[in-house]
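In: Take a look and give me a structure for this.
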Amino acid sequence: MTLFKQIALMLSTFLIIILATVLILNFQNENSSVQDRLYKDAKNTASSLGISMSTASGDISIMQTMINASFDGGYYRYISLNDTEEKIIYKKNLEEKPLNIPKWFIDAIKIEAPIASASISTGWSQVGTIYVQGDTRYAYKQLYTILQNLIISFSIITIIGLMVLNTLLVVILRPLKEVQIQAEAITKNEFIIQEHIPHTKEFKDVVIGMNTMVKKMKNIFDKANEELKHQKELEYIDNITKLKNRKYFIDKLPEYLKIEATSKGGQNIMIALSGVIEANEKIGHKEVNKLFVKIADIFHSSVIKNNNAIIARMNGTEFCILLPDCSDKECLEITKNIFNLVEKSIKEIRLNSAETFISLGICGYSHEENIAQLLSHSDDALAKAKFSNTNIYQEHSNNTTEVMGKEEWREIINKAITLNSFDFISFKAVDMKLKKVIHNRLSLILKVDEKNIYKYYQFMPAANQIGLAHSIYTNILEMMFKKPDETLKDSTCSIRLPYAYLEFKDTYKYMNELLNNYARNLPFKLIIEVPDAFAFEDSQQIKLYKELFEKHNIDMGIFEFIGESDDYYYLQELRPAYIKGDSNYFISANEHTLSALRFITDSVGISLIATDVKDKETLDKLQNKDIYMIQGSVTLSI
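Out: This next block holds a predicted model:
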């Protein structure tokens, strides 16, 4: 129960008790007053009749007339005229009629009407005695009316009193409500400064203290954010061309070289600029640097249609362009265009193209290759390009050969969507320090029959190429929410949704409807992982997803994190449950980068999870950097 309710209940009870006590005392006073009036009225009537009848000289008819007149003009139970021997000469009784008063009231209130008497004399001789008793029915009616009026009056006073009390409590405790909102925000790792400082000393001290704490946390976050941005520029950006550098290229490659990669493969172009020393001697370092900048612009303009392209300066004279989902023919055309534009730029600054020229080696790659294989094949293609007459050499990768054609895949995937032939397999994410499973990451398999089962990396690249990936994710989300796997009950599971699916204009509308209808029946705790590129690039859309997930008690996770954002405030706004990055990223990151990243994640309650941990050597390196939450084949024994 909230403090407001406790105080309101206590004061309301106290107020009602006081008012009820006053009401009872008032009613008791009225009851005594009514009974007193009954006796006094009877006594006065008896006295006045006694005096009046004394003048009747014993005439009974006159005395009867007097009794009738008094009886009809007042509220009496009876008036009786008795002789000196107490025999009734004449008696006027009230006709008994039912009272329009609740029986419980009559039973609860006992009214006794006393009998008043007066002597009747003629001269010195006594004629008789007059007896008068008041009408209790009239008293009951009076008291019941008084009780009704008291209850109505006190009810109105009580309601007004409670309303005033509530208003006063709201005004007095308003600063406390703001303190509560601020405290709840702190538990959610949100930085809220309360601008209104209350006048009440206790509340004022609490608000100032919490504001100070929040400001310190915000300052820590701001400093960590600036430090991480600075480290990113040092680690990932080439100072001259502003292209990405070799480290960024190495950290980004795992996104494309893994079994879950949505891109099946593509082309990698290694580019070397020869004759740089001669060029420096002829035109100077500044002009050569301008040439490098122009070459970088040529690279950007040549691959502008490929949104997933990576352009990196590998060292002083070598560059690399990774083109996912690019065919041999398209890549060769891009390469020739780059060669011609660079050659033209070299000639424009009056350099000898025989001394200063570029060589371009093209190497096809598969998503199943590792980084070392890709770089080795690329270096080999570049070496052959340098000895080629055209300075361009293209080497095809045998790994890119398709087992099945697009139409065969289309038939298999369409059939699987129709028959709901997809299923989940799980991979554990583990806290190695606590030796416990954090969550199960769900991946997909396509089950044609008992013998033909295709893993995610086998069918998803083909699905992307033939445009069926969106239908697959829609199908598996429906399967997850409409027919959840009861074997996962009471566990925590995560599922990844790719950039292309999340940015599709109808996906949010579809997921909103799906979650509204089925999320409450999910038997397990769900975490939906989104790629880091989507989280920091499409801020408005990701906020909508965040609100939707929070509404249905679904957490958000971020995967493929390598710290490439220009700003990290999006982590504070989204507050994901965790960030997943490739193990190589954490291992190769310097201490300044990791320290700044930890400041940010710790201040907003985000865990760091290293993925693709395949062996104990990698695990040891991660633990040396205080990274204990991992995901990969090394967790199979846990």
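
In: contacts and neighbour counts: CA atoms only from here.
Out: Fine.

In: How many neighbouring residues does residue 269 have?
Out: Around residue 269 sit 28 other residues, with neighbours defined as other Cα atoms under 10 Å.

In: which stretches of the stretch 451-600 of the chain form strands?
Out: Using DSSP state E, counting those that start in this stretch, the strands assigned to the stretch 451-600 of the chain run over residues 453-455, 492-496, 525-531, 555-559, 578-582.

In: ditto for the stretch 51-200 of the chain
Out: With DSSP E, counting those that start in this stretch as the criterion, the stretch 51-200 of the chain has strands at 76-83, 88-93, 115-122, 125-134.

In: Rebuild these as JSON lines, extending it with mean pLDDT, mean neighbour count and distance to residue 378.
Out: Shown next, in JSON lines, are those (pLDDT from 0 to 100; neighbours: other Cα atoms under 10 Å; distance: least, Cα to Cα, whole Å):
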{"stretch": "strand 76-83", "mean pLDDT": "78", "mean neighbour count": "22", "distance to residue 378": "123"}
{"stretch": "strand 88-93", "mean pLDDT": "80", "mean neighbour count": "15", "distance to residue 378": "127"}
{"stretch": "strand 115-122", "mean pLDDT": "78", "mean neighbour count": "20", "distance to residue 378": "126"}
{"stretch": "strand 125-134", "mean pLDDT": "79", "mean neighbour count": "22", "distance to residue 378": "121"}
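
In: Could you export those strands as CSV, including distance to residue 576?
Out: Converted to CSV, those look like this (distance: least, Cα to Cα, whole Å):
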stretch, distance to residue 576
strand 76-83, 86
strand 88-93, 91
strand 115-122, 89
strand 125-134, 85
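
In: pull the longest strand from this structure.
Out: For the chain, the strand with the greatest residue count under DSSP state E is strand 436-447.

In: how big is the angle separating it from strand 525-531?
Out: Following axes from the mean of the first three to the mean of the last three Cα atoms, to 10 degrees, one obtains 70 degrees for the angle between strand 436-447 and strand 525-531.

In: average model confidence for strand 436-447?
Out: This predicted structure assigns strand 436-447 an average pLDDT of 91.

In: what comes up buried for it?
Out: Applying a neighbour-count criterion of 16 or more other Cα atoms under 10 Å, one finds 437, 438, 439, 440, 441, 443, 444, 445, 446, 447 buried in strand 436-447.

In: For the fourth one, give me its contacts.
Out: Contacts for residue 440 (Cα atoms under 8 Å, 6 or more residues apart in numbering) come out as 426, 427, 428, 429, 491, 492, 493, 494.

In: for the third one, helix, strand, or coil?
Out: Yep, that's residue 428 we're talking about. Going by DSSP: H, G, I helix; E, B strand; the rest coil, the secondary structure assigned to residue 428 is strand.

In: Could you find the closest non-adjacent residue to it?
Out: Nearest in space to residue 428, with sequence neighbours left out and distances taken as Cα to Cα, 6 or more residues apart in numbering, is residue 440 at 4.7 Å.

In: For the one you found, give its distance to residue 494.
Out: 6 Å (Cα to Cα, to the nearest Å).

In: Excluding residues flanking it in the chain, which one is nearest residue 55?
Out: With Cα to Cα, 6+ apart as the measure, residue 122 is the residue that lies nearest to residue 55, at 7.2 Å, once sequence neighbours are left out.

In: ok, what's across the strand from that neighbour?
Out: Listed by DSSP bridges, the beta-bridge partners for residue 122 are residue 125.

In: hmm, which of the contacts of residue 440 are the buried ones?
Out: When the contacts of residue 440 are checked for burial by 16+ other Cα under 10 Å, the buried set is 427, 428, 429, 492, 493, 494.

In: what about this protein, any weak spots by pLDDT?
Out: Within the chain, the segments meeting pLDDT under 70 span 1-4, 57-58, 96-99, 123-124, 186-191, 258-264, 396-404, 538, 636-638.

In: Can you name the residues that contact residue 531?
Out: Under the contact definition (Cα under 8 Å, 6+ apart), the residues listed for residue 531 are 497, 498, 499, 558, 559, 560, 561.

In: rerun that using 7 Å as the cut-off
Out: By Cα atoms under 7 Å, 6 or more residues apart in numbering, the contact list for residue 531 reads 498, 499, 558, 559, 560.

In: which of those residues lies closest to residue 568?
Out: Proximity of these to residue 568 (Cα to Cα) peaks at residue 558, which lies at 12.9 Å.

In: And for that closest one, the neighbour number?
Out: Counted with other Cα under 10 Å, residue 558 comes out at 26.

In: Now do it against residue 270, distance only.
Out: Remark: distance between residue 558 and residue 270 (Cα to Cα) = 31 Å.

In: likewise residue 323?
Out: According to Cα to Cα, residue 323 stands 11 Å off from residue 270.

In: Which one of these two is surrounded by more residues?
Out: With neighbours defined as other Cα under 10 Å, residue 323 and residue 270 compare such that residue 270 has more, 27 against 23.

In: Is the more buried one part of a helix or strand, or is it coil?
Out: The three-state assignment at residue 270 reads strand, by three-state DSSP.

In: Do I have it right that it meets residue 382?
Out: Yes - counting by Cα atoms under 7 Å, residue 382 is a contact partner of residue 270 at 5.9 Å.

In: Now for those two: what residues contact both?
Out: Between them, residue 270 and residue 382 share the contacting residues 360, 361, judged by Cα under 7 Å, 6+ apart.

In: ok, back up a step: reformat the strands of the stretch 451-600 of the chain as JSON lines; add distance to residue 274.
Out: Formatted as JSON lines, the entries for the strands of the stretch 451-600 of the chain read as follows, by distance: least, Cα to Cα, whole Å:
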{"stretch": "strand 453-455", "distance to residue 274": "45"}
{"stretch": "strand 492-496", "distance to residue 274": "44"}
{"stretch": "strand 525-531", "distance to residue 274": "38"}
{"stretch": "strand 555-559", "distance to residue 274": "39"}
{"stretch": "strand 578-582", "distance to residue 274": "34"}
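
In: Go through these and name the closest to residue 433.
Out: Ranking the strands of the stretch 451-600 of the chain by proximity to residue 433 (Cα to Cα) places strand 578-582 first, at 16.5 Å.

In: which residues touch that closest one?
Out: Where contact means Cα under 7 Å, 6+ apart, the residues beyond strand 578-582 that reach it are 557-562, 606-612.

In: Adding distance to residue 481, write those out as a markdown table.
Out: Converted to a markdown table, the contacts of strand 578-582 look like this (distance: Cα to Cα, whole Å):
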| residue | distance to residue 481 |
| --- | --- |
| 557 | 19 |
| 558 | 21 |
| 559 | 22 |
| 560 | 25 |
| 561 | 27 |
| 562 | 31 |
| 606 | 26 |
| 607 | 26 |
| 608 | 28 |
| 609 | 26 |
| 610 | 28 |
| 611 | 26 |
| 612 | 28 |
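
In: With respect to residue 126, which of those residues is nearest?
Out: The closest of the contacts of strand 578-582, once distances to residue 126 are taken by Cα to Cα, is residue 606, at 109.4 Å.

In: Going toward the C-terminus from whichever strand or helix holds residue 226, what's the next helix or strand?
Out: Assigned by DSSP states H and E, residue 226 falls within helix 201-236. Using DSSP H and E, the helix or strand that follows helix 201-236 in sequence is strand 244-245.

In: Pull up the gap between the spatially most central residue of the chain and residue 556, please.
Out: Against the mean C-alpha coordinate of the chain, by Cα atoms, centre = their mean, the closest residue is residue 550 at 3.5 Å. For residue 550, the distance to residue 556 equals 9 Å [Cα to Cα].

In: One more: residue 353?
Out: Shown here: residue 353 relative to residue 556, a distance of 54 Å by Cα to Cα.

In: which of these two has more neighbours?
Out: In this comparison of residue 353 against residue 556, neighbours counted by other Cα under 10 Å, the higher total goes to residue 556 at 23 against 15.

In: Help me confirm that the more buried one comes into contact with residue 532.
Out: No - under the contact definition of Cα under 7 Å, residue 556 does not touch residue 532, with a separation of 11.4 Å.

In: ok, now how distant is the residue nearest to the centre of the chain from residue 162?
Out: Distance, residue 550 to residue 162, by Cα to Cα: 37 Å.

In: Since that was my last question, I'll sign off now.
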